[in-house]
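Participant: A predicted structure for the sequence below; I have some questions about it.
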Amino acid sequence: MSDLSSTVSPMYSIGFIQESSASSGIDQGGEFIFVGLLIWFISLFIVRWLMKRYVLKLMNKSSDSVISADPEELKQSEVKATSSPSFVDIDSSTDLSNVVLKREELVRRAFVLFRKKYFYALAAAILYIIPFLIAYLTGEKLGDDRTAMIIGLLIIYLVYVSLNYYFYRKQFRALDADFGIKLEHPIFTVLRKVVNSRFEVVFSSIIILMMFVFGMQEMGWIERDRELAIEGNMIWFGIGLMLVALLHLAFFIKIRKLAQNTENYSLLILRVFGDQKQALLTFGRLTNFWHHFGSWFTVVDPSFIGRQYRTFSWRTLFTLIFLFIAAVIFGLLFEDPLIGMIKPLADGKLSESQIKEIAFIPGMIIAWILYLQYWRIKISRSYTKNRSHIVKKIANTLKRPRKLDLTFKSIPMFCYDNTWKLAVSEFLKNSKVILMDLRGYSEARKGCEYEVDFIFDNFPINRILFLIDTVSDKDLVKKMITERWEYLREQSPNIALKEPRARIFVTTKGAEADVQSLIDLLMENLDI
């Protein structure tokens, strides 16, 4: 909090205010609102920085609920490995045509489910014609305004789900996934964001509820809008509307129940903590594609927070709008006392409008402080307390692994210093494949050696992919892998391997070709 306050404290200096007013010679107000907006924008970076610092602070603390910080697997005896791993160096130019069929099969399954969701929505929209046919056949006459409103809503819904299908029908291919800025008309960019699948879930739910309520109104069960009401009840129309709304709900539930029964190809992402350049590729490009086919797990660090809550994003835009509204409310609540304090100090050198603008600035500061405090509480509550807490969180997620928008849920785990090993252990038990991101690994940053040692003891090496970049010390990475392999636990799935192979992928700049190759390699040994 002190960092935030110190950043904005110069704005409260009356000397600064008087000097600014005198130099401008403007008496109509307006200059201080820009000062407030500048504080508002700068505070966004400050709060983000403070959030990352807070995560780092908690990462280095210990949970009081932990009895033992070491997983049960570490109690097994170690034996010397009978063979050393050979290395397979791979990059985006490597021929991976043998894996294409697997990837295409997963793409086909995901697309069929997405298309089926659209056809169900399309069928539901068309079935809403039935109540109108019933009303026509029974001689019931619906008011023009009510007819126009219902038909208008259905047309909007039909257009919305169609746009959702059009914009996202290619999202299951790595080269067409939402990896960043697209070169298209701004109108299409906005439409793409508005009609995304998360909003489509909300919109569909609203349409179902509204149509059911309209049906109840027509039957006289609840009061109708007087402006749209007609004499007498439209019983048959109301019954038809309610039945179709229930059928629409059944379609909605069925497609999501069908999604829950599909295979979850879960991915565990382990990495060198603190490397900022990892975030865009792993927690942007890769996970944006993978969440259509399986869950992904990771242990949170400040670089992850920096990616998830990046400064320029739609989430940030909505945050700014919310905080602006909050700042206005605070400004209105405290406007009179603040004006009363500032006016005598200004000594007539500031206009009434300028004083009101100055009074608006503290509202912005209060809004940001409350926002920061909200995230401090939310983050602290997210930290895993012990092994049972970790097991429960994973089990609850994997019980129903799909979200309502049909993507798989992810588990970014917030861990204390004595719970992260337990989290890695439990993640391994629920993962189908592992990406070990060694970009940034060096003599000074060897913290990931434990993870490499642990996954060799408990996970098949053919389902592990090591990731480095062109500036990584490949020889140092290979040396570390060889050393970690030298002794394995007795129950290791790798203990009997005669010709173990460690696959090392060299990424360039996180280009689409790298993402495609990474995905193919991760899928190579999956049972699809």
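Facilitator: Okay, I see it. Residues are numbered from 1 along each chain as shown.

Participant: shaky segments in the stretch 151-300 of the chain?
Facilitator: 174-185, 223-233, 274-278 (pLDDT under 70).

Participant: Helices along that one, start to end?
Facilitator: Ranges of helices in the stretch 151-300 of the chain, per DSSP state H, counting those that start in this stretch, are 186-194, 197-218, 235-260, 278-280, 287-290.

Participant: Now render those as TSV, adding mean neighbour count and distance to residue 380.
Facilitator: Where you see a C-beta, it was placed from the backbone N, CA and C, and this is true even at glycine. Below are the helices of the stretch 151-300 of the chain laid out as TSV (neighbours: other CB atoms under 10 Å; distance: least, CB to CB, whole Å):
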stretch	mean neighbour count	distance to residue 380
helix 186-194	12	31
helix 197-218	18	26
helix 235-260	18	31
helix 278-280	20	22
helix 287-290	22	24
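
Participant: Residue 80: which of those is closest?
Facilitator: When the helices of the stretch 151-300 of the chain are compared by CB to CB, helix 278-280 sits nearest residue 80, at 33.2 Å.

Participant: Let me know which of the helices of the stretch 151-300 of the chain is the nearest to residue 477.
Facilitator: Comparing those by CB to CB, helix 278-280 comes nearest, at 14.8 Å.

Participant: circling back to that earlier point, is it possible to export the helices of the stretch 151-300 of the chain to CSV including distance to residue 386?
Facilitator: Converted to CSV, the helices of the stretch 151-300 of the chain look like this (distance: least, CB to CB, whole Å):
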stretch, distance to residue 386
helix 186-194, 40
helix 197-218, 33
helix 235-260, 29
helix 278-280, 28
helix 287-290, 27
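
Participant: what's the closest of those helices to residue 78?
Facilitator: helix 278-280 (30.2 Å).

Participant: Select the longest helix from the chain.
Facilitator: Taking DSSP state H as the criterion, the chain has its longest helix at helix 352-382.

Participant: Show the average pLDDT along that one.
Facilitator: The average of the pLDDT scores along helix 352-382 is 77.

Participant: which helices and strands does it pack with?
Facilitator: Packing partners of helix 352-382 (3 or more CB pairs under 8 Å, 6 or more residues apart in numbering; DSSP states H and E): helix 2-8, helix 31-59, helix 314-333, helix 335-346.

Participant: Kindly recompute the last result at 10 Å.
Facilitator: Here helix 352-382 touches helix 2-8, helix 14-24, helix 31-59, helix 314-333, helix 335-346, strand 411-415, going by 3 or more CB pairs under 10 Å, 6 or more residues apart in numbering; DSSP states H and E.

Participant: thinking residue 495 is in contact with residue 77, fair?
Facilitator: No: the criterion here is CB atoms under 10 Å, and residue 495 misses it with residue 77 at 11.5 Å.

Participant: Between these two, which contacts overlap?
Facilitator: Both residue 495 and residue 77 are contacted by residue 489, under the criterion CB atoms under 10 Å, 6 or more residues apart in numbering.

Participant: Which one of these two is surrounded by more residues?
Facilitator: More crowded of residue 495 and residue 77, by other CB atoms under 10 Å: residue 495, with 14 against 8.

Participant: The more buried one: what secondary structure?
Facilitator: Put simply, residue 495 is coil when judged by DSSP: H, G, I helix; E, B strand; the rest coil.

Participant: contacting residues for it?
Facilitator: Contacts for residue 495 (CB under 10 Å, 6+ apart) come out as 79, 81-82, 456-457, 488-489.

Participant: how near is it to residue 289?
Facilitator: 34 Å (CB to CB, to the nearest Å).

Participant: same check, this time on residue 390
Facilitator: Counting by CB to CB, the gap from residue 390 to residue 289 is 26 Å.

Participant: Show me where the stretch 351-500 of the chain dips below the pLDDT cut-off.
Facilitator: 351-360.

Participant: Could you pull out the helices in it for me?
Facilitator: 352-382, 387-399, 420-429, 449-458, 474-485.

Participant: Mind putting those into CSV with mean neighbour count and distance to residue 199?
Facilitator: As requested, the helices of the stretch 351-500 of the chain are exported to CSV (neighbours: other CB under 10 Å; distance: least, CB to CB, whole Å):
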stretch, mean neighbour count, distance to residue 199
helix 352-382, 17, 23
helix 387-399, 15, 23
helix 420-429, 22, 31
helix 449-458, 21, 37
helix 474-485, 16, 43
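
Participant: could I have stretch 410-429 exported to PDB, CA atoms only?
Facilitator: What follows is stretch 410-429, C-alpha atoms only, in PDB (Å, rounded to 0.1, in the frame of the first residue of the first chain):
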ATOM      1  CA  SER A 410      -7.200 -25.800 -15.700                       C
ATOM      2  CA  ILE A 411      -5.500 -25.900 -12.300                       C
ATOM      3  CA  PRO A 412      -2.800 -23.200 -11.700                       C
ATOM      4  CA  MET A 413      -1.900 -24.100  -8.200                       C
ATOM      5  CA  PHE A 414      -0.800 -21.500  -5.700                       C
ATOM      6  CA  CYS A 415       1.800 -23.200  -3.400                       C
ATOM      7  CA  TYR A 416       3.700 -22.400  -0.300                       C
ATOM      8  CA  ASP A 417       7.400 -23.300   0.100                       C
ATOM      9  CA  ASN A 418       6.400 -26.600   1.700                       C
ATOM     10  CA  THR A 419       3.400 -27.600  -0.500                       C
ATOM     11  CA  TRP A 420       4.700 -27.300  -4.000                       C
ATOM     12  CA  LYS A 421       6.400 -30.700  -4.000                       C
ATOM     13  CA  LEU A 422       3.200 -32.200  -2.800                       C
ATOM     14  CA  ALA A 423       1.300 -30.500  -5.600                       C
ATOM     15  CA  VAL A 424       3.800 -31.800  -8.300                       C
ATOM     16  CA  SER A 425       3.300 -35.300  -6.900                       C
ATOM     17  CA  GLU A 426      -0.500 -35.100  -7.200                       C
ATOM     18  CA  PHE A 427      -0.300 -33.500 -10.600                       C
ATOM     19  CA  LEU A 428       1.800 -36.400 -11.900                       C
ATOM     20  CA  LYS A 429      -0.800 -38.900 -10.800                       C
END
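
Participant: one step back: can you put the helices of the stretch 351-500 of the chain in a markdown table and add distance to residue 222?
Facilitator: Converted to a markdown table, those look like this (distance: least, CB to CB, whole Å):
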| stretch | distance to residue 222 |
| --- | --- |
| helix 352-382 | 37 |
| helix 387-399 | 36 |
| helix 420-429 | 49 |
| helix 449-458 | 59 |
| helix 474-485 | 67 |
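
Participant: any idea how far residue 186 is from residue 484?
Facilitator: 50 Å.

Participant: got it, and residue 514?
Facilitator: For residue 514, the distance to residue 484 - CB to CB - is 25 Å.

Participant: do residue 203 as well
Facilitator: On the measure of CB to CB, residue 203 and residue 484 end up 50 Å apart.
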